[in-house]
Structures are given as structure tokens and as C-alpha cells.
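Asks: Any chance you could fold what I've pasted below:
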Amino acid sequence: MQYDVITYGEKALLLRFKNEISLEVHHQVKSCYHYLKNNHIKGVVSLIPAYNSLTVLFDPDKIEGKTLKVFLENTPFQVSDEVVQAQKTVEIPVCYEEAFALDLQEVSEKLNVSIQEIIDIHTAQPYLVYMLGFAPGFMYLGGLDQRLHMPRKATPRLRIPAGAVGLADQQTGVYPLETPGGWQIIGQTPLELFSKEQPALVAMGDLVQFVPITEKEFYKIKKS
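Replies: Predicted coordinates:
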């Protein structure tokens, strides 16, 4: 497993892997993340996995950055089959009807793909959760069919509703909270994905399967 350990400010180190979005790199990041998490390294206060990196935040009063850097550089990390296979599939209902799909018509026209085809393609297979970020619980999902690759909006919206499902380049994802954003919105889920009482619905390495629902089903789930 190849990676560089880079000083990332006074209280963080960055494990940087191969600069690509791939299953191979994801498995390396996930294995390192779980190794460090399970071994409770003294002074390490937080771990932030991303597509091809792992940020290690530490308390300099408990461990020196140089000491931690040497430790990370010399730890024989291995891809763990047990960690790689430890994942759950979470079904997320999505309403793709006009009131919830702010950009679906525009996406259909620009990609020259019918709205029904977009829905069928988007719900055809589960997506891997590569990372959580941007906003608490925001899931970056990989594996989007090339037919749905769509650039971000030139001018981001100031308000994207919580639960909005979007497309951006080769990714799809779900906004857990109302935030600004530039993704192309093609639907919305009625599920509450993140709150103070409920942590993120999914974790890095899980799978997400979108399931199409009607507007009536949306409000029924919303009220439950």
C-alpha cells in the first residue's frame, strides 16, 4: 500500500493515496481508517476519510506531530478483506416528480435522455458511499452511469431543500440539510438523513440503493 504522510497544519496529518477515485484506493483508505480507529492511538482525536486521503487530527499536547508522522509512515497498513466486506445496503426512497426535481427537465434535455430513462438508470444499481462531507451526513456516491454525468450548475442555488438528490460530474449524492449548492437536482427523499438526535444514515463504505416513489408515497413517509 503506497501513500504519503503530509503535515497538514499544526494539528493534522494527511495520508495521501493515489490521486484517483477508484475502488482500489477506497479500500486502502477504508482499511487505514478502521485500523487507526480500532487501535485508539493516543493523541489522535479524529479521522476524516475522503476519496483518496485520510486526515488524522491530533492533540499536540498528547502526541508530537513528528512522532505521529513517523508512526504513520512506518505502520504496515494492509487492505483488510473483513473491513472491505463490512458494509450494509441502505434503501433511500426518492420522488422524481416535477415538484421535487428542480433540474430534471433541464438534465433530460442536455443529456438527450428521457426523464423516465434517467429515473430507470439512476435507480438501476446501488452506489458506494465513498465519503461523507461538505455538510453533516452529505454522502458522495460513486458508480454513476456515464449516461448521467452532468456538470454542476454554473450558478449555485442559495437554498437546496433537505433530502434533495443531485448529480455533479461523475457523482450522485443527497443533501441531508437545507444548504446552498450547485448540484443538478433530480429528485428528493422524504427521509431525515441527519439530525442532532440521529447521526448519519450511512457510513463510508456502505451502499445506497435509490427506490422511486410517488408524490403520495413521499408525503406518507414524511408524516410517519
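Asks: residue ranges of the strands in this structure, please?
Replies: 4-7, 12-16, 44-49, 53-58, 89-95, 127-132, 139-142, 157-160, 164-168, 171-174, 179-181, 184-188, 207-213 (DSSP state E).
Asks: contacting residues for L15?
Replies: 3-5, 29, 32, 53-56, 72 (Cβ atoms under 8 Å, 6 or more residues apart in numbering). All C-beta atoms are positioned from the backbone trio N, CA, C, and that covers glycine.
Asks: So for it, what's the pLDDT?
Replies: With respect to pLDDT, L15 has a value of 96.
Asks: now do Q198
Replies: 65.
Asks: Now for the nearest residue to Y35 once chain neighbours are set aside, how many residues are close by?
Replies: Excluding the flanking residues, the one nearest Y35 by Cβ to Cβ, 6 or more residues apart in numbering is F77, at 6.1 Å. F77: 15 surrounding residues under other Cβ atoms under 10 Å.
Asks: what's the distance between F77 and N112?
Replies: As judged by Cβ to Cβ, to the nearest Å, F77 and N112 stand 45 Å apart.
Asks: go on, G9?
Replies: 46 Å.
Asks: Next: A164.
Replies: In terms of Cβ to Cβ, A164 sits 24 Å off from N112.
Asks: L57 touches L36, doesn't it?
Replies: No. Using Cβ atoms under 8 Å, L57 is not in contact with L36, being 11.1 Å away.
Asks: So A164 and N112 - more neighbours on which side?
Replies: Applying other Cβ under 10 Å to A164 and N112 shows that A164 carries more neighbours, namely 26 against 8.
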